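Engineer: just a sequence and a predicted model for now, questions to come.
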Amino acid sequence: MGRTGRDLSVLTAVVFITEYTAFAISVYREEGRKGQEAMTYVMTLLREIFRKRKLIWDLSKADFRKRFVGSYFGIVWMFVQPMVTVLIYFLIFQVGFKSEPPVPGAPYVIWLVPGIVPWFFFSETLNSVTNCLQEYHYLVKKVVFQVEILPIIKLFSCLMVHGFFVLIMFLMFVIYRWTPFLTWMQIAYYSFAASMLALGIGYLTASVNVFFKDMAQIVSICLQFGMWLTPIMYHESMFADKAPWVVPILKLNPFYYVSAGYRDSMLTGEWFWQRPKLTLYFWVVTLVVGLAGLKVFKRLRPHFSDVL
């Protein structure tokens with residue numbers, strides 16, 4: 001009986017291992033198939049963007065002009081609110097709290113602007129992309145129109161605005177006689193990084209916003225919190241003595257990489273590869289967020305026209 005019992009145990013173990021192995025292989029194949037489908041979808045989308053690049057560019061320019069149609073001061077309003085925001089923070093932190101930037105010899109406003117300019121771009125892009133399907137509902141309902149390019153159109157429109165602010169930032173540094181660095185060219189790289197992060201999140205929020213109208217308000221509130229959770233008006237070194245555990249938490253925010261990168265490029269002349277761990281972390285997070293956003297967008301896309 002003892003030998004029979006052992007044989008039965010061995011047989012049960014073999015059957016279990018065989019079934020588990022078969023199950024694991026099936027799961028692996030299924031995940032591989034899903035991964036291949038996701039990659040095919042992304043490559044198809046990239047080809048579609050390239051093929052319709054002229055249409056995207058024309059719609060982006062039209063979207064840019066549409067913002068100021070009917071406004072008496074037109075494009076002036078594009079600069080007023082951000083400038084007022086910078087002035088308020090300057091008065092609070094420079095005049096009021098006498099804040100000293102961590103970069104020796106840099107006035108507070110020169111330190112503030114490279115941190116807040118990319119945030120203006122990121123927040124505007126995310127808000128615009130979140131609402132793009134409702135705004136272009138007449139295009140969503142067209143059977144032949146590739147809905148996935150609508151967030152791209154909003155992104156390019158926001159990039160046009162961002163380009164003006166980058167030029168103003170360069171001009172400010174020249175006026176303050178700040179020594180230009182070769183790394184100023186790196187602003188293009190960090191603008192691309194901010195674009196990919198905003199676009200990845202935007203595909204998710206835009207698709208959900210079609211069915212859950214409060215998503216746009218949630219995004220706006222999260223962006224308000226996000227601005228204070230990102231070291232833009234302050235530097236993370238202020239926590240180094242009293243609460244050092246806060247610093248690594250702040251760096252978990254992927255936008256920290258962008259704001260710190262703008263300041264590295266404009267103020268200290270550091271290249272992005274001098275932050276290898278942070279660079280790797282940012283792009284891994286952005287890739288995961290982007291793929292998740294596209295997956296949700298693809299799954300909900302067939303139902304957009306039924307709701308809009």
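Structural biologist: That came through, no problem.
Engineer: where exactly do the helices run in the stretch 151-300 of the chain?
Structural biologist: 187-211, 215-229, 246-251, 254-263, 276-300 (DSSP state H, counting those that start in this stretch).
Engineer: and the ones you listed, which is most packed in?
Structural biologist: helix 254-263 (a mean of 23; mean count of other Cβ atoms under 10 Å). In this view, the C-beta of every residue, glycine as well, is placed from N, C-alpha and C.
Engineer: that helix vs helix 187-211, what angle?
Structural biologist: 150 degrees (axes from the mean of the first three to the mean of the last three Cα atoms, to 10 degrees).
Engineer: run the angle between helix 254-263 and helix 276-300 for me.
Structural biologist: Using the same axes, to 10 degrees: helix 254-263 against helix 276-300 is 130 degrees.
Engineer: relative to helix 215-229, how tilted is helix 254-263?
Structural biologist: Inter-element angle recorded for helix 254-263 and helix 215-229: 50 degrees (by the same axes, to 10 degrees).
Engineer: report the rounded mean pLDDT for helix 254-263.
Structural biologist: Average pLDDT, helix 254-263: 94.
Engineer: ditto for stretch 213-233
Structural biologist: For stretch 213-233, the mean confidence score works out to 90.
Engineer: how far does that stretch sit from the chain's center?
Structural biologist: Here stretch 213-233 shows a centroid-to-chain-centroid distance of 12 Å under the convention Cα atoms, centre = their mean, to the nearest Å.
Engineer: ok, residues contacting it?
Structural biologist: Residues outside stretch 213-233 that contact it (Cβ atoms under 8 Å, 6 or more residues apart in numbering) are 89, 93, 112, 115-116, 119, 123, 126-127, 130-131, 205, 208-209, 250, 253, 255-256, 259-260.
Engineer: Three-state assignment for residue 55, please.
Structural biologist: helix (DSSP: H, G, I helix; E, B strand; the rest coil).
Engineer: and residue 96, what's its pLDDT?
Structural biologist: At residue 96, pLDDT is 66.
Engineer: domain ranges for the protein?
Structural biologist: Under the assignment automatic domain parsing, the domains of the chain span 1-51, 55-307.
Engineer: give the contact list for the residue nearest to residue 176 when sequence neighbours are not counted.
Structural biologist: Spatial nearest neighbour of residue 176, excluding adjacent residues (Cβ to Cβ, 6 or more residues apart in numbering): residue 110 at 5.5 Å. By Cβ under 8 Å, 6+ apart, the residues touching residue 110 are 101, 172, 173, 176, 178, 267.
Engineer: and if we set it to 7 Å?
Structural biologist: 172, 173, 176, 178 (Cβ atoms under 7 Å, 6 or more residues apart in numbering).
Engineer: now do residue 196
Structural biologist: 286, 290.
Engineer: how far away is it from residue 175?
Structural biologist: Distance of residue 196 to residue 175, given as Cβ to Cβ, to the nearest Å: 32 Å.
Engineer: which of the domains of the chain has the lowest mean pLDDT?
Structural biologist: domain 1-51 - the lowest mean pLDDT of those, at a mean of 60.
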